[in-house]
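Trainee: A structural model of the following input is requested.
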Amino acid sequence: MNSFLKFDKELIDSAMDKALVSVSSDFDKIVEAMRYSALGGKRLRGILTLEFAKLFGCDYSDSISYAVAVECIQAYSLIHDDLPCMDDDDMRRGKPSCHIAFGEANALLAGDALLTHAFCAISESDFAKKHPERAVNAIRVLSDYAGFRGMVGGQVLDLEAAEKEVDTDTIFTIHRLKTGALIKAAVLMGCYAAGADEENCILSEKYASEFGFAFQIADDILDFNGDYDTCELNSCVKIYGLEKAKSNFLLHVAEANSVLEKLEQKGFDTEFLKKLLEYLCVRVDKHQND
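Mentor: You can find the predicted model right below:
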């Protein structure tokens, strides 16, 4: 994790640690399972929430509950993704998946608990008491983009495509929903925390869309081991080929940067968000040169 991301990540890690605590010995086991899966990771979505809130004038201390919420959703989705009925992965981030460590039933419930706790994190915060309309907007966009019209819908399409070759339109839709929807939610929650106007929200959502595609393609490139035969069927590398995938990645990065230029022209400091795009590019370039 690059140093420019470190401060935001540590801030979110600390807030997550405080948010996920047991209130009774009766709940110790489920909270342990929640913490096992939620305390870790790059915190990219939460960082986007914090930075877009900051971009439009909201302090970290006020937007942190929004970042916790989106990271709870991300953690729940990974728990459920790993279950035998989904991707059936035994390992996550170098350690046994939640269902291996705690059993399938507890893993399922830990995911459910993280999903619902996300909305508590926002609605119970002091910032929500000061700006209830902003909290309502954040909850609305998070529930929408995390649900069947967003991330969950993308997961359904991804499952259907897992055993067959899919066309470019289908893979575009899967990535727009499964990966991109929660990134959009994270960015818009930051905008809502700051009370950004409609024009700036539209520009921000455009950045989120382009960043989401770039992030997914980068992920597929980083996962590629050089063998197309063993590459996942719905990987961008499998569908487009490595060179075309990289070309598409750079195109989305360029589009995201063009949004930042428009925000800069309006007087906003986009240096951090530029560095975030550069971070993706460096990771892809390093992988290709290894």
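
Trainee: residues in contact with residue 19?
Mentor: 68, 72, 117, 121 (Cβ atoms under 8 Å, 6 or more residues apart in numbering). Every residue, glycine included, has its C-beta placed from N, CA and C.

Trainee: where's the second one, which helix or strand?
Mentor: What that stands for is residue 72. For residue 72, the host element (DSSP states H and E) is helix 60-82.

Trainee: Following element in sequence after that helix, please.
Mentor: Using DSSP H and E, the next helix or strand after helix 60-82 towards the C-terminus is strand 91-92.

Trainee: next helix or strand past that following strand?
Mentor: strand 95-96.

Trainee: mean confidence score for that following strand?
Mentor: On average, the pLDDT along strand 95-96 is 96.

Trainee: In its sheet, which strands sit next to it, and in what direction?
Mentor: Partner strands and pairing direction for strand 95-96 (DSSP bridges) are strand 91-92 (antiparallel).

Trainee: doesn't residue 160 make contact with residue 233?
Mentor: No: between residue 233 and residue 160 there is no contact under Cβ atoms under 8 Å: 11.4 Å.

Trainee: Can you tell me which of the contacts of residue 19 is closest to residue 82?
Mentor: Nearest to residue 82 among those, counting by Cβ to Cβ, is residue 72 at 16.3 Å.

Trainee: hang on, the earlier thing: Serialize the contacts of residue 19 to CSV and add fields for neighbour count.
Mentor: Putting those into CSV (neighbours: other Cβ atoms under 10 Å) gives the following:
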residue, neighbour count
68, 25
72, 28
117, 21
121, 22
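
Trainee: and the two most separated of those residues?
Mentor: The largest separation in these, counting by Cβ to Cβ, is between 68 and 117 at 8.8 Å.

Trainee: What ranges in the stretch 151-290 of the chain fall below the confidence cut-off?
Mentor: Within the stretch 151-290 of the chain, the stretches with pLDDT under 70 are 287-290.

Trainee: Which residue ranges of the stretch 51-200 of the chain form helices?
Mentor: 60-82, 98-102, 104-123, 126-130, 132-146, 151-161, 168-178, 180-194, 198-223 (DSSP state H, counting those that start in this stretch).

Trainee: centroid residue for the chain?
Mentor: residue 45 (4.1 Å; Cα atoms, centre = their mean).

Trainee: just to revisit the earlier point, give me whichever of the helices of the stretch 51-200 of the chain is most buried.
Mentor: Sort the helices of the stretch 51-200 of the chain by mean neighbour count, taking mean count of other Cβ atoms under 10 Å, and helix 180-194 sits at the top with a mean of 28.

Trainee: ok, residue 178 touching residue 160?
Mentor: No: if you go by Cβ under 8 Å, residue 178 and residue 160 don't touch, sitting 11.8 Å apart.

Trainee: Out of the helices of the stretch 51-200 of the chain, which is closest to residue 51?
Mentor: helix 180-194 (6.7 Å).

Trainee: Could you name the helices and strands sitting against the closest one?
Mentor: helix 44-55, helix 60-82, helix 132-146, helix 151-161, helix 198-223 (3 or more Cβ pairs under 8 Å, 6 or more residues apart in numbering; DSSP states H and E).

Trainee: Tabulate those helices (CSV), appending distance to residue 253.
Mentor: Shown next, in CSV, are the helices and strands packed on helix 180-194 (distance: least, Cβ to Cβ, whole Å):
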stretch, distance to residue 253
helix 44-55, 15
helix 60-82, 22
helix 132-146, 22
helix 151-161, 21
helix 198-223, 5
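
Trainee: Among those, single out whichever gets nearest to residue 261.
Mentor: Counting by Cβ to Cβ, residue 261 lies closest to helix 198-223 out of these; the figure is 10.3 Å.

Trainee: Helix or strand next in line after the closest one, which one?
Mentor: Proceeding N to C from helix 198-223, the next assigned helix or strand is helix 236-240, under DSSP H and E.
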